[in-house]
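> Just a sequence and a predicted model for now, questions to come.
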Amino acid sequence: MNKTIKTWLEKQGVEFLADIGIKPGHTVLDFGCGTGLYTIPAAQVVGAKGQVYALDKDSGKLNELLVSAEKISVGNIIPLHKTGPDLPDQLKDGSVDAVLLYDILHFFKRDERQRLFNESSRILKSNALLSIFPKHSMQDEDPYGSLATLTIDDIIQEIDAAHFSLTQKADTIVLHKDRLERACILNFRKDKKSGESH
């Protein structure tokens, strides 16, 4: 593990996630978690009374995440091996305090993204946090394929349609793969009037 990643996992990532609204005791879903660059700091923020669901389609990355977490005595991570935008049944309606969708939107077509946003709304508590790192998903973020024509306003409109309200555009430093970079993080709150499912 290089020094940048180590410092992020143990300090900078913890501070970043606390700043966006993750709190001790929270239940968090890190969707498309990979090797845990955000899962492990989130688990440290929520502490022993909280838990973090780490969902990824790659079982090898989930195993790597758990090994890394064990090395720093983080034990409140629940791995979920799943593909596609639909969330597993064990994630109950209105049971989660925050969903992280970081650097994953470009893997999904528009209708799949809408299902993912709707599913996030389903599992989130009223007024809970949906945080988006839209890397590769907009014109100015190294876009992939059909997402090359999207703007940040297009992303916001898609998420608004799933009963979320934008609360913050954070210009901040995040970890992408193995390097720190400046990025726009979009933070939304689930609309209180939307109910627990759609």
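Cool, the structure landed. Numbers count the residues shown, from 1 in each chain.
> When you work out contacts or count neighbours from here on, use the C-alpha atoms and nothing else.
OK.
> Need the CA coordinates for the lowest-mean-pLDDT helix or strand in the chain. CSV is fine.
Every helix and strand of the chain was ranked by mean pLDDT, DSSP states H and E. The lowest is helix 152-160, at a mean of 90. Taking Å, rounded to 0.1, in the frame of the first residue of the first chain, the C-alpha atoms of helix 152-160 are listed here in CSV:
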residue,chain,number,x,y,z
ILE,A,152,-23.3,18.4,-14.1
ASP,A,153,-26.8,19.8,-14.4
ASP,A,154,-27.9,16.7,-16.3
ILE,A,155,-26.6,14.5,-13.5
ILE,A,156,-28.4,16.6,-10.9
GLN,A,157,-31.7,16.5,-12.9
GLU,A,158,-31.5,12.7,-13.1
ILE,A,159,-31.1,12.5,-9.3
ASP,A,160,-33.8,15.1,-8.6
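> Run through the neighbouring helices and strands of that helix.
helix 110-123 (3 or more CA pairs under 8 Å, 6 or more residues apart in numbering; DSSP states H and E).
> Quick check, Asp171 in contact with Ala183.
Yes - using CA atoms under 8 Å, Asp171 is in contact with Ala183, at 5.8 Å.
> the more surrounded of those two?
A count of neighbours by other CA atoms under 10 Å puts Ala183 above the other of Asp171 and Ala183, at 18 against 11.
> Show the pLDDT at the more buried one.
Ala183 is assigned 90 on the pLDDT scale.
> Residues contacting the one helix or strand it maps to, please?
Assessed by DSSP states H and E, Ala183 sits inside strand 179-190. Contact with strand 179-190 is made by 4-5, 20, 121, 124-134, 163-175, as judged by CA atoms under 8 Å, 6 or more residues apart in numbering.
> List the buried residues for stretch 156-171?
For stretch 156-171, burial by neighbour count (16 or more other CA atoms under 10 Å) applies to Ile156, Glu158, Ile159, Asp160, Ala162, His163, Phe164, Ser165, Leu166.
> which among these gets closest to Ala48?
Phe164 (28.9 Å; CA to CA).
> Would you quantify the distance from that closest one to Asn2?
37 Å (CA to CA, to the nearest Å).
> just Glu181 next, same as before
16 Å.
> repeat for Leu55
In terms of CA to CA, Leu55 sits 24 Å off from Asn2.
> Which one of those two is surrounded by more residues?
Leu55 (24 against 8).
> Give the bridge partners for the more buried one, please.
Phe31, Leu80 (DSSP bridges).
> I'd assumed Gly84 was in contact with it.
No - checked against CA under 8 Å, the pair Leu55 and Gly84 is beyond contact range at 10.6 Å.
> State the phi and psi torsions of the residue sitting nearest the centre point of the chain.
Compute the mean C-alpha point of the chain, and by CA atoms, centre = their mean the closest residue is Leu100, 1.4 Å away. Backbone geometry at Leu100, expressed as degrees, to the nearest 10, gives phi -110, psi 120.
> That one contacts Ile132, doesn't it?
Yes - counting by CA under 8 Å, Leu100 touches Ile132, with 6.2 Å between them.
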